[in-house]
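[1] fold the following, please.
(chains A and B)
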Amino acid sequence: MKCHKCSKVATMHITEIVSKDNVQECHFCEECAQKYLQEESFDKEVLEVNLELSSAKITENLASSTAVVCESCAMQFTDFRNSGRLGCPHDYTVFHDELLPYLENIHGETKHCGKFPTRYGANKDIQKEIDLLRKQLQVVIEKEKYEEAASIRDKIRFLDNQ
Amino acid sequence: MNFDLLSKSSGEWLKGSGVESDIVISSRIRLARNLAGFPFPNRASNFQKAEIETLLKDRIQTLEFEQKFEYVSLTALNTLDRQFLVERQLISRELAANEGPRGVALGNLESLSLMVNEEDHLRLQVMRSGFSLESAWETINKLDDFLEKKVSYAFHEEFGYLTACPTNVGTGMRASVMLHLPALDFTKQIDKVFRALQRINLTHRGLYGEGSRFSGHFFQISNQVTLGKSENTILNEIYSVIPQIIDYERQARNAWKKDNGQILQDRISRAFGTLSSATMMTSDETMELLSYVRLGIHMKMIEDVDINTVNELFIQTQPAHLQKLMGSTLDGEERNTARAKFLRSKLRSSGSTPN
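    Numbering: from 1, shown residues only, chains lettered A, B, ... in the order given. Sure, this is the predicted structure:
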């Protein structure tokens, strides 16, 4: 994680309770944290500006992405900004570029290098197909076409057991 | 599952056995996993959550794993039973408080629990007594492989295992070690340790995880980063730092005994005295005093008190456990009276302080 004020690694994590519903998390390197704690009143304003600056990339991306909606869970990127939670796995693809600066900020890295599911390679196409079928299933259920729904469900079960 | 029976034992994490168990209480690893093609629980309808629950429950119960699982639906449990599972660290506070179809599959050894529809569709958790992350990883990795053969996980080539919150994406792994650090806490050196940990991307939490208070001088040390590092790298980072903390705590204990032995002895004896004679005890005070007694036993400054009794008391005096053991629901004041009585009966029979 990077310092909110300079580009060093953040080692101090301060939770600022502005009001009951407004809790601000600040991350600093040791140097900036000292300054922040000593010059409290002055710094809070600076901090707010800097918090925005440090997420400048995020905001920039936001401007261009407000209109994008995930076709799978109907989430917009602003929903994520408000809740801190994504809506479905597909969001990672839809909001790929917007998420990168967040991931960089949280983890200092953006590329997974741990475990892969053993059947990942073989599974990729099946997963896509299951995704698609599940979406179709939702649609037919909403239209109360239960016979069709049952047949899609069976297809999903079949693929799932592959 | 018979919770009344469970309440009489301490469970895996407070068994007090295992490597370095005078300081390391337990080791725990959890993996966050989601099913492909479903919205995350925060955005799923109750209908979808029920579908996820049915699917996972079925797959988990038919798993040919070394342990069998029993599925407990949270909606079927009353508040007391939910709280009971939280106190035993078998479920999170979040799962207890959430709404809609959700539950937990418990392994028959009480060291494995699989939460369904918590923040993610599936949270696998394994717990071990003492300092034993390696064996914990072996078990959970195997369980994950078994499950993955039965369900399609949401996985992204670039981002790894996908999670509702991007703080868990990648390995989805949070490995933590629970430490009992009364000497570092009392001598105010603990903040120095925390700052050093933060520098290497490790974080600390209280007894019951994120946002919980520090109680009984228990601290959980865990990794913060889940993306860009392999599981083994993360585990090694924790592995390399824990022996140092253990060492600091031992040094602080010895220095304390050497410089202020009388004061320490007095504190431990008073803690024991209060626990074995008070007539009303809050949960917080109990944790604090038991912590000193635990320290006293390990420093051989108190005799004839069984460490297992003390470890058990940490959990048995928690509100839900106490009510289970008493066999009735009790309000705050009744609990304090019942807790004091329970402590007296357990400790009076088992201990005396040296002269």
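[2] name the residues of the longest helix seen in chain A that come out as buried.
    If you go by DSSP state H, chain A has its longest helix at helix A:120-142. Using 16 or more other CB atoms under 10 Å in any protein chain shown as the test for burial, helix A:120-142 gives A:123, A:127, A:130-131, A:133-134, A:137-138, A:140. For the C-beta atoms, the positions are set from N, CA and C on the backbone; glycine is no exception.
[3] counting contacts, what elements does it pack onto?
    Secondary-structure packing of helix A:120-142 (3 or more CB pairs under 8 Å, 6 or more residues apart in numbering or on different chains; DSSP states H and E): helix A:146-160.
[4] just the mean pLDDT for the helix it packs on, thanks.
    For helix A:146-160, mean pLDDT rounds to 82.
[5] output it as PDB, nothing but the C-alphas.
    Extracted C-alpha coordinates of helix A:146-160, given in PDB (Å, rounded to 0.1, in the frame of the first residue of the first chain):
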ATOM      1  CA  TYR A 146     -40.700 -23.400 -15.900                       C
ATOM      2  CA  GLU A 147     -40.400 -26.200 -18.400                       C
ATOM      3  CA  GLU A 148     -37.600 -24.300 -20.200                       C
ATOM      4  CA  ALA A 149     -36.100 -23.500 -16.900                       C
ATOM      5  CA  ALA A 150     -35.900 -27.100 -15.900                       C
ATOM      6  CA  SER A 151     -34.200 -28.100 -19.100                       C
ATOM      7  CA  ILE A 152     -31.600 -25.300 -18.700                       C
ATOM      8  CA  ARG A 153     -31.100 -26.400 -15.100                       C
ATOM      9  CA  ASP A 154     -30.400 -29.900 -16.200                       C
ATOM     10  CA  LYS A 155     -27.800 -28.600 -18.700                       C
ATOM     11  CA  ILE A 156     -26.100 -26.700 -16.000                       C
ATOM     12  CA  ARG A 157     -26.000 -29.700 -13.800                       C
ATOM     13  CA  PHE A 158     -24.600 -31.800 -16.600                       C
ATOM     14  CA  LEU A 159     -21.800 -29.300 -17.300                       C
ATOM     15  CA  ASP A 160     -21.100 -28.700 -13.600                       C
END
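[6] ok so, going back, compute the inter-axis angle for the longest helix of chain A and helix A:146-160.
    On the basis of axes from the mean of the first three to the mean of the last three CA atoms, to 10 degrees, helix A:120-142 is oriented at 170 degrees to helix A:146-160.
[7] how far off centre is helix A:120-142?
    22 Å (CA atoms, centre = their mean, to the nearest Å).
[8] give the rounded mean pLDDT of that helix.
    On average, helix A:120-142 scores 76.
[9] what's the answer for stretch B:273-281, then?
    Here the average pLDDT along stretch B:273-281 is 96.
[10] tell me which residues are up against it.
    Contacts with stretch B:273-281, where a contact means CB atoms under 8 Å, 6 or more residues apart in numbering or on different chains, come from B:285-286, B:289-290, B:293, B:317, B:333, B:336-337, B:339-341, B:343-344, B:347-348, B:351, B:353.
[11] mind listing which of the residues you listed are in helices?
    B:285-286, B:289-290, B:293, B:333, B:336-337, B:339-341, B:343-344, B:347-348.
[12] longest helix of chain B?
    When chain B is parsed with DSSP H, its longest helix is helix B:231-277.
[13] hey, what's the angle from it to helix B:332-348? Just curious.
    Orientation check (the same axes, to 10 degrees): helix B:231-277 against helix B:332-348 gives 90 degrees.
[14] filter the contacts of stretch B:273-281 to the buried ones?
    Applying 16+ other CB under 10 Å to the contacts of stretch B:273-281 flags B:285-286, B:289-290, B:293, B:317, B:336, B:339-340, B:343-344, B:347, B:351, B:353 as buried.
[15] tabulate these (a markdown table), appending distance to B:Leu5 and pLDDT.
    As requested, the buried ones among the contacts of stretch B:273-281 are exported to a markdown table (distance: CB to CB, whole Å; pLDDT from 0 to 100):
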| residue | distance to B:Leu5 | pLDDT |
| --- | --- | --- |
| B:Glu285 | 28 | 94 |
| B:Thr286 | 23 | 95 |
| B:Leu289 | 28 | 96 |
| B:Leu290 | 23 | 95 |
| B:Val293 | 26 | 96 |
| B:Thr317 | 18 | 93 |
| B:Asn336 | 25 | 96 |
| B:Arg339 | 21 | 97 |
| B:Ala340 | 25 | 97 |
| B:Leu343 | 22 | 96 |
| B:Arg344 | 24 | 95 |
| B:Leu347 | 23 | 90 |
| B:Gly351 | 27 | 51 |
| B:Thr353 | 34 | 45 |
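[16] of those, closest to B:Ser27?
    B:Leu290 (21.2 Å; CB to CB).
[17] confidence score at the nearest residue to B:Ser215 once chain neighbours are set aside?
    Ranked by CB to CB, 6 or more residues apart in numbering or on different chains and with sequence neighbours excluded, the top spatial neighbour of B:Ser215 is B:Met287, at 4.8 Å. pLDDT recorded at B:Met287 is 94.
[18] any idea how far B:Leu207 is from B:Met287?
    As judged by CB to CB, to the nearest Å, B:Met287 and B:Leu207 stand 8 Å apart.
[19] between these two, which contacts overlap?
    With CB under 8 Å, 6+ apart as the test, B:Met287 and B:Leu207 both reach B:215-216.
[20] all strands of the stretch 101-250 of chain B, in order?
    B:103-107, B:112-116, B:122-129, B:155-156, B:160-161, B:173-180, B:202-205, B:218-223 (DSSP state E, counting those that start in this stretch).
[21] now the ones you listed as CSV including mean neighbour count, distance to B:Glu94 and mean pLDDT?
    Formatted as CSV, those follow (neighbours: other CB atoms under 10 Å in any protein chain shown; distance: least, CB to CB, whole Å; pLDDT from 0 to 100):
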stretch, mean neighbour count, distance to B:Glu94, mean pLDDT
strand B:103-107, 23, 12, 94
strand B:112-116, 25, 9, 96
strand B:122-129, 24, 10, 94
strand B:155-156, 20, 23, 94
strand B:160-161, 26, 19, 96
strand B:173-180, 25, 13, 95
strand B:202-205, 18, 14, 89
strand B:218-223, 22, 16, 94
